[in-house]
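K.L.:
One predicted model, sequence on top.
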Amino acid sequence: MITLDNVAFRYGDRPLFGGVSLDVQPGDFYFLTGPSGAGKTTLVRLCYLDLAPEDGTVTCFGKPGTTLARDEIADMRQRIGVVHQDCRFLDHLSVADNIALPVSVAGRAVSEGDLSELLKWVGLSGRADARPPELSGGERQRAALARAVMMDPDVILADEPTGNIDWEMSQRLLTLLVELNRMGKAILLATHDMALIRQAKTMTTARVLRLAGGTLQQAGTDL
Ligand SMILES: Nc1ncnc2c1ncn2[C@@H]1O[C@H](COP(=O)(O)OP(=O)(O)OP(=O)(O)O)[C@@H](O)[C@H]1O
């Protein structure tokens, strides 16, 4: 679904990584680890064509990113749910309206049944009418996951979704991601949290990638 072939990227005259290859297929669960500044967020952004590589190819759903027009990229992004660490919301809208927003923006009708089921799934039924600033960190992350899932994407890209939340809430979020993965969705989760990865490995078959020193490698089993 998302393939990076020999990708290199630099910001200005500063090379970040090179020779990066990755093939995300239906049902895959990847963790992306590596030291701060190695380029994990950048790699995630390349995966949804928010950035273009300096070299190599990023292919999304069979089409090389460079061949896609702007509206085709927008269509393709509907198949990719992205959860950012700093999950931004529109503060003047309710939590429910924020979660429904991608569907409305895509010009589709929002199913109230789907929305309420999704709120229940992430444990936010009682917070549907709250404004985003009233949410705790864990509630924000779960709302961000619900928003990413609302479009029923094939792939979820999550960038440090547990960065600002406690262990119990991290596990809850992980459980939701594992459930999505069991439904066939591919997951790529960038995280520093090795305890979370160890926990995930007791629940599912996840592969761990490490981005460090400008290259991407499969991490060993000794986590
Ligand atoms: N828009 C940008 N322009 C220039 N440099 C950038 C830009 N965005 C990120 N960088 C730099 O590129 C490097 C990689 O950033 P990136 O956020 O991808 O790393 P990361 O592995 O996700 O880091 P962290 O784990 O701290 O979130 C960092 O040194 C960062 O300062």
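P.N.:
Right, received. Where do you want to start?
K.L.:
where does this structure have low pLDDT?
P.N.:
In the predicted model, the chain carries pLDDT under 70 at residues 220-223.
K.L.:
Domain map for the chain?
P.N.:
The chain resolves into domains spanning 1-79+155-223, 88-152 when parsed by automatic domain parsing.
K.L.:
got the ones you listed as TSV, with distance to the ligand and mean neighbour count columns?
P.N.:
Using the backbone N, CA and C atoms, a C-beta is placed for each residue, glycine as well. As requested, the domains of the chain are arranged in TSV below (distance: least, Cβ to the nearest ligand atom, whole Å; neighbours: other Cβ atoms under 10 Å):
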stretch	distance to the ligand	mean neighbour count
domain 1-79+155-223	3	17
domain 88-152	16	17
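K.L.:
which secondary structure elements does the longest helix anywhere in the chain contact?
P.N.:
Across the chain, the longest stretch assigned as helix under DSSP state H is helix 167-182. Contacts of helix 167-182 with other secondary structure elements, assessed using 3 or more Cβ pairs under 8 Å, 6 or more residues apart in numbering; DSSP states H and E, are made with strand 29-33, helix 137-149, strand 155-159, strand 186-190, helix 194-203.
K.L.:
possible to save these as TSV with distance to Arg108?
P.N.:
TSV is the format used below for these (distance: least, Cβ to Cβ, whole Å):
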stretch	distance to Arg108
strand 29-33	28
helix 137-149	14
strand 155-159	19
strand 186-190	22
helix 194-203	32
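K.L.:
Going along the chain, name the helices of this structure.
P.N.:
Ranges of helices within the chain are 40-47, 70-77, 95-105, 112-121, 137-149, 167-182, 194-203, based on DSSP H.
K.L.:
Please produce TSV containing those, extended by distance to Asp86.
P.N.:
Shown next, in TSV, are the helices of the chain (distance: least, Cβ to Cβ, whole Å):
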stretch	distance to Asp86
helix 40-47	11
helix 70-77	19
helix 95-105	14
helix 112-121	21
helix 137-149	9
helix 167-182	15
helix 194-203	18
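K.L.:
Cheers, nothing more for now.
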